[in-house]
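K.L.:
Starting from these lines, generate the structure:
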Amino acid sequence: MPEWRVSVADVDAAWGRSPGRGTLAVCRADEDPLTLAWTAADRALAASGLSAETVDGLWWGCTRPPFAEGPSWTTLAATLHLGAGTDGALLAGSTHAGSDALLAAVDALASGRVDTAIVVVSDALLPATGTGHETSAGAGAAAVVLRRGDGPARVVRAAHLWEPRLDRYRGDREAETRETYDGRLFREQAYLPLLGAVGAALVGEGEPAGRWSVPDPDGRLARALTKRLGTSAGAAEDVGSADRARLGDLGSAAGLVAAAGALATPGSVHILSQGGGRASGITVVVDRTVPGADRVAAHLSGGEQVPYTRVLRARGVLTPTGESVEMAVPPGSAMFGRGAAEMLGLLAARCVDCGTLHTPPDVHPTCISCGSTKFDLVPLGRTGTVQTFVVNRTMPSPFEAPLPLVVVDLDDGGRIMLQGGDDGAALEVGSPVEIVLRRYTVERGVPVYGWKVLTRRPEQEVAS
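P.N.:
Have a look, this model is predicted:
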């Protein structure tokens, strides 16, 4: 989940509406679908016990990838240290993209094209300011590792149904996702009939209704759908209802996020998705606990409560009118072209003769310890302790003060200076920190990604 939570009542109060219930997971200014996808995929790979070198496929489902057209998929692959020959695709265009990614990876494994695949789904829906959609739209991501052969869980069934209907959409050159035109018409003519029929196709005659992960675009539809999914053998269980009340609608990530925790318990889990006039259902049979599923509850918990105005600033709705400072280095320039792999991969040059780590590699033609010119490129570790830091209290736009700069002694022996990922209040010399992927800025319409330092909280240490 992203770092922030905003109260639905706070949003409603700003527009003079009766206060709603619950909270929404929303992105900070330096978070987006790609940084969320990286975190989920990195955790899934760690839980699997596999190394990045064994992964030969990456499928990513996202309604709103960070680039409308550009290197979203390759940027994610670089931050995960995947090989240059990795297969896969980015699926987008509607909230149905999560199911598209999962089924595409299953097909690639079944055909023998790949042996090990990461499937990641992420979204950070951008609702129109002041609309009802703003009180339901959240952000989040989930990822699973798929392999050919035996495993703790199996994808066993899929069903599909479509009608050329307009549901949520975003027009050309529009930044915000529009609501459905008529909520009642959508409920009675699209949402319930399509998903109800797809759900019925997943459950055989006389079978118990079982566990369901269902989409809930406005926070009220899931209850009616779950009731319809019940069978003569019992009622349907909505496994994501509690999380949706805290996180909101997660778009294309909703299905897998809600189902992830259920993968810890044997039995069937039915995942439904809807978007762009399409509805799909996927049945997963859990034979034994999927590694990592028991940590999902911890990963979905927490979050910093922030005021609605801060969310609007992060989304770019509220912007300062004073002078701003541009990065002045075009993302398509030679510096980025030559150094992109090093920056996105968080790589260092390790001296072959003495083992000293140098960052960034291009800046050090000779070893600072022994003078050697022989180096190997290696990924840096992502945990360490604070060696020293400074917190800038005044910064020109678009930067926001306070802004920390932190020197970190990494656990693998390296040392690196990076920007802090929060206000620096919890920083102390010697305190444990982790290195995380974040979006630094958007320059000439291009998101620029890099690494930041976050203080490790006790729950993060337990979860990892």
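K.L.:
Report the contact partners of residue 2.
P.N.:
25, 26, 27, 28, 31, 36, 124, 139, 140, 303 (Cβ atoms under 8 Å, 6 or more residues apart in numbering). No exception for glycine: its C-beta is placed from N, CA and C like everyone else's.
K.L.:
The closest residue in space to residue 281 that isn't next to it in sequence: how many residues sit nearby?
P.N.:
Distances taken as Cβ to Cβ, 6 or more residues apart in numbering place residue 198 nearest to residue 281, at 4.2 Å, with adjacent residues excluded. Using other Cβ atoms under 10 Å, residue 198 has 24 neighbouring residues.
K.L.:
just to revisit the earlier point, is it possible to export the contacts of residue 2 to JSON lines including secondary structure and pLDDT?
P.N.:
JSON lines is the format used below for the contacts of residue 2 (DSSP: H, G, I helix; E, B strand; the rest coil; pLDDT from 0 to 100):
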{"residue": "25", "secondary structure": "strand", "pLDDT": "97"}
{"residue": "26", "secondary structure": "strand", "pLDDT": "97"}
{"residue": "27", "secondary structure": "coil", "pLDDT": "96"}
{"residue": "28", "secondary structure": "coil", "pLDDT": "94"}
{"residue": "31", "secondary structure": "coil", "pLDDT": "96"}
{"residue": "36", "secondary structure": "helix", "pLDDT": "98"}
{"residue": "124", "secondary structure": "strand", "pLDDT": "95"}
{"residue": "139", "secondary structure": "strand", "pLDDT": "97"}
{"residue": "140", "secondary structure": "strand", "pLDDT": "97"}
{"residue": "303", "secondary structure": "coil", "pLDDT": "92"}
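K.L.:
What subset of those is buried?
P.N.:
Listed as buried from the contacts of residue 2 are 25, 26, 27, 28, 31, 36, 124, 139, 140, 303; burial here means 16 or more other Cβ atoms under 10 Å.
K.L.:
In which helix or strand does the closest residue to the last one other than its chain neighbours reside?
P.N.:
Okay, so that is residue 303. With Cβ to Cβ, 6+ apart as the criterion, residue 303 has its nearest non-adjacent residue at 4.0 Å, and that residue is residue 5. Here residue 5 sits within strand 4-7, counting by DSSP states H and E.
K.L.:
Likewise for residue 370?
P.N.:
Under DSSP H and E, no helix or strand contains residue 370.
K.L.:
again, but for residue 284
P.N.:
strand 278-286.
K.L.:
Could you name the helices and strands sitting against that strand?
P.N.:
helix 97-111, strand 153-162, helix 192-202, strand 267-275 (3 or more Cβ pairs under 8 Å, 6 or more residues apart in numbering; DSSP states H and E).
K.L.:
how about the strands in the stretch 51-200 of the chain?
P.N.:
With strands called from DSSP state E, counting those that start in this stretch, the stretch 51-200 of the chain shows them at 57-61, 87-91, 116-124, 139-147, 153-162.
K.L.:
can you redo those as TSV with distance to residue 361?
P.N.:
Converted to TSV, these look like this (distance: least, Cβ to Cβ, whole Å):
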stretch	distance to residue 361
strand 57-61	25
strand 87-91	27
strand 116-124	26
strand 139-147	29
strand 153-162	40
